[in-house]
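Peer 1: coords please:
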Amino acid sequence: MKTESSTGAAEPSAPGDPRRLKVVLAHDFLRHGGADKVMEHLHALWPEAPIHTLLAEDQPQYRGWDVRPSFLQGKVPPEKYRWPMPIYPWLVDRMARRIDWDGVDLLVSSSVSYSKNLRTPPGVPHLSYVHRPAMFAYERRDDFLAGYPAPLRPALRFFAARFRRWDQRRKDAADLLVANSRFIASRIRELYGREARVVYPPVETAPFREAGLRAEPGDYYCTAVRLEGYKRVDLAVRACTELGLPLKVAGTGPLREELEAVAGPTVEFLGFVPDEELHALVAGCKAFLFTPKEDFGIAPVEALAAGRPVVALGQGGTAETVQDGVTGVHFPEQTVEDVVAALRRCEETDWDPEVCRRSAERFSADAFRAGILAAAAEAAALRA
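Peer 2: As a prediction, this is how the structure comes out:
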């Protein structure tokens with residue numbers, strides 16, 4: 001048997017290969033971001049698996065997949081996916097009842113908030129790849145709620161607290177947890193008292209590397225991120241405005257108008273940038289600016305693959321992917337002052353593109369697939 005998808009060439013499977021398992025996939029929301037790129041690789045491993053999700057965007061790369069969204073599909077615009085938050089725990093249980101478990105060997109979930117809490121019937125183990133614990137229920141609740149109108153926030157705090165209790169009751173729903181970074185493994189240990197192995201997400205470095213080899217660094221900084229409150233794009237916008245540095249912002253989101261209102265003339269908002277254009281945009285920048293505290297952060301690794309240094313927060317995933325003074329600059333806290341200081345350091349440093357490119361090689365798609373297949377084999381044996 002052979003499997004093939006847009007994320008990789010056909011790969012033979014051998015007897016006993018975990019790719020022969022009958023798998024069901026689950027994913028919180030099928031959109032266009034880092035977690036969704038992970039789902040593309042999971043789907044490449046099990047291309048016949050149905051994908052159960054709460055809401056799905058109509059993206060070209062998902063056409064032809066067996067995507068099974070909740071009844072909210074068509075009723076809630078994908079960009080408004082946060083609004084039904086209070087009913088998502090109920091929908092997760094409804095999803096579990098809708099899945100045809102007959103003959104299923106393994107559930108593999110890709111979870112930002114919800115899917116790791118899916119309960120399977122006896123005899124069906126659950127492997128969950130955890131991108132992060134639900135941020136709106138724990139330490140980043142206020143950043144998350146900032147995206148909602150102020151009058152709604154007290155009620156949403158109540159629902160967030162209720163979700164946290166549900167999340168804690170379901171902490172053992174998955175038989176095996178895989179974290180996307182050491183940072184997230186430590187959060188899982190702290191919040192759930194469980195150990196998780198680390199498998200870094202797959203990063204398609206080749207297109208960025210090739211684009212970087214063809215291009216010379218330009219005079220602008222760039223960032224590529226969803227324009228939401230917790231991403232703290234305002235820090236990049238304000239810092240580059242203060243210094244008069246050109247900044248190109250790729251991404252869409254509810255805060256675009258607010259960010260445009262505080263941006264100076266050197267900041268340009270590009271909206272959604274297709275992958276092909278993004279490769280050239282990143283390859284042509286002086287450095288990549290990344291302000292969120294992320295669980296991993298695929299975009300900074302893509303920039304490194306292009307040979308460009310990264311200015312990023314020295315916490316979370318970028319503390320593991322960006323080496324301060326070698327492949328970029330860390331700023332200690334999410335303040336405009338710290339970002340300004342980091343940009344000044346970046347301006348004063350001579351960067352070696354090849355050092356940046358080599359640093360991205362450890363986050364390959366092959367390494368991810370090998371790690372996931374090993375975890376799948378282990379999980380499948382747990383209830384054999």
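
Peer 1: Just list the residues touching Leu289, thanks.
Peer 2: Under the criterion of Cβ atoms under 8 Å, 6 or more residues apart in numbering, the neighbours of Leu289 are Tyr221, Cys222, Thr223, Ala236, Cys240, Leu247, Val310, Val311, Ala312, Val339, Leu343. No exception for glycine: its C-beta is placed from N, CA and C like everyone else's.

Peer 1: Show me where this structure dips below the pLDDT cut-off.
Peer 2: 1-15, 147, 384 (pLDDT under 70).

Peer 1: now the strands for the stretch 51-200 of the chain?
Peer 2: Taking DSSP state E, counting those that start in this stretch as the criterion, the stretch 51-200 of the chain carries its strands at 51-56, 67-69, 106-111, 126-130, 176-179, 197-198.

Peer 1: any chance of those strands in CSV, with distance to Val24 and mean neighbour count too?
Peer 2: What follows is the strands of the stretch 51-200 of the chain, written out as CSV (distance: least, Cβ to Cβ, whole Å; neighbours: other Cβ atoms under 10 Å):
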stretch, distance to Val24, mean neighbour count
strand 51-56, 7, 23
strand 67-69, 10, 17
strand 106-111, 5, 26
strand 126-130, 10, 26
strand 176-179, 15, 24
strand 197-198, 21, 14
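
Peer 1: picking up where we left off before, for Ser128, state which of the contacts of Leu289 is nearest.
Peer 2: Proximity of those to Ser128 (Cβ to Cβ) peaks at Ala312, which lies at 26.8 Å.

Peer 1: and that closest one, which of the three is it?
Peer 2: With DSSP: H, G, I helix; E, B strand; the rest coil as the basis, Ala312 sits in strand.

Peer 1: That one: neighbouring residues, count only.
Peer 2: Applying other Cβ atoms under 10 Å, we find 32 other residues in the vicinity of Ala312.

Peer 1: Show residues contacting the helix or strand containing His41.
Peer 2: Assigned by DSSP states H and E, His41 belongs to helix 34-45. The contact list for helix 34-45 (Cβ under 8 Å, 6+ apart) reads 3-8, 18-19, 25, 27-28, 30, 49, 51, 59, 61, 65, 108, 110, 112, 129, 131, 180, 201-202, 204, 296-299, 365, 368-369, 372-373.

Peer 1: do stretch 50-63 as well
Peer 2: Contacts for stretch 50-63 (Cβ under 8 Å, 6+ apart): 6, 24-32, 36, 39-40, 43, 65-70, 72-73, 76, 78, 81, 88, 91-92, 95, 98-99, 114.

Peer 1: let's go with 7 Å and repeat that
Peer 2: For stretch 50-63, contacts defined as Cβ atoms under 7 Å, 6 or more residues apart in numbering pick out 6, 24-32, 40, 43, 65-70, 72-73, 76, 78, 81, 88, 91, 95, 99, 114.

Peer 1: and the end-to-end length of that stretch?
Peer 2: Distance between the boundary residues of stretch 50-63 (Cα to Cα, to the nearest Å) amounts to 13 Å.

Peer 1: Then stretch 314-327?
Peer 2: Start-to-end, stretch 314-327 (Cα to Cα) is 13 Å.

Peer 1: just checking, Trp88 touches Ser111?
Peer 2: No, residue 88 isn't Trp; it's Tyr. No: if you go by Cβ atoms under 7 Å, Tyr88 and Ser111 don't touch, sitting 12.0 Å apart.

Peer 1: State the distance from Tyr129 to Ala185.
Peer 2: Using Cβ to Cβ, to the nearest Å, we find Tyr129 at a distance of 12 Å from Ala185.

Peer 1: likewise Phe288?
Peer 2: Distance, Phe288 to Ala185, by Cβ to Cβ: 25 Å.

Peer 1: With Ala134 instead?
Peer 2: Taken as Cβ to Cβ, the span from Ala134 to Ala185 is 16 Å.

Peer 1: Assumed Val340 was part of a helix.
Peer 2: Yes: under three-state DSSP, Val340 sits within a helix.

Peer 1: That one contacts Thr241, doesn't it?
Peer 2: No: at 10.1 Å, Val340 does not count as touching Thr241 under the criterion of Cβ under 7 Å.

Peer 1: Now stretch 334-343: buried residues?
Peer 2: Gln334, Val336, Asp338, Val339, Val340, Ala342, Leu343 (16 or more other Cβ atoms under 10 Å).

Peer 1: Relative to the whole chain's centre, how far out is that stretch?
Peer 2: 24 Å (Cα atoms, centre = their mean, to the nearest Å).

Peer 1: just stretch 172-191 next, same as before
Peer 2: Computed by Cα atoms, centre = their mean, the chain-centroid distance of stretch 172-191 equals 15 Å.

Peer 1: Can you point out the buried residues in stretch 144-158?
Peer 2: Of the residues in stretch 144-158, Phe144, Leu145, Gly147, Tyr148, Arg153, Leu156 count as buried by neighbour count, 16+ other Cβ under 10 Å.

Peer 1: Tabulate those residues (JSON lines), appending distance to Thr327.
Peer 2: Converted to JSON lines, the buried residues of stretch 144-158 look like this (distance: Cβ to Cβ, whole Å):
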{"residue": "Phe144", "distance to Thr327": "30"}
{"residue": "Leu145", "distance to Thr327": "34"}
{"residue": "Gly147", "distance to Thr327": "31"}
{"residue": "Tyr148", "distance to Thr327": "36"}
{"residue": "Arg153", "distance to Thr327": "39"}
{"residue": "Leu156", "distance to Thr327": "38"}
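
Peer 1: from the residues you listed, which is closest to Ala283?
Peer 2: Comparing these against Ala283 with Cβ to Cβ places Gly147 closest, at 31.3 Å.

Peer 1: those helices in the stretch 101-250 of the chain, which residues are they?
Peer 2: 141-145, 153-169, 182-192, 205-214, 233-243 (DSSP state H, counting those that start in this stretch).

Peer 1: and the ones you listed as JSON lines, adding distance to Glu320?
Peer 2: Shown next, in JSON lines, are those (distance: least, Cβ to Cβ, whole Å):
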{"stretch": "helix 141-145", "distance to Glu320": "21"}
{"stretch": "helix 153-169", "distance to Glu320": "25"}
{"stretch": "helix 182-192", "distance to Glu320": "6"}
{"stretch": "helix 205-214", "distance to Glu320": "16"}
{"stretch": "helix 233-243", "distance to Glu320": "21"}
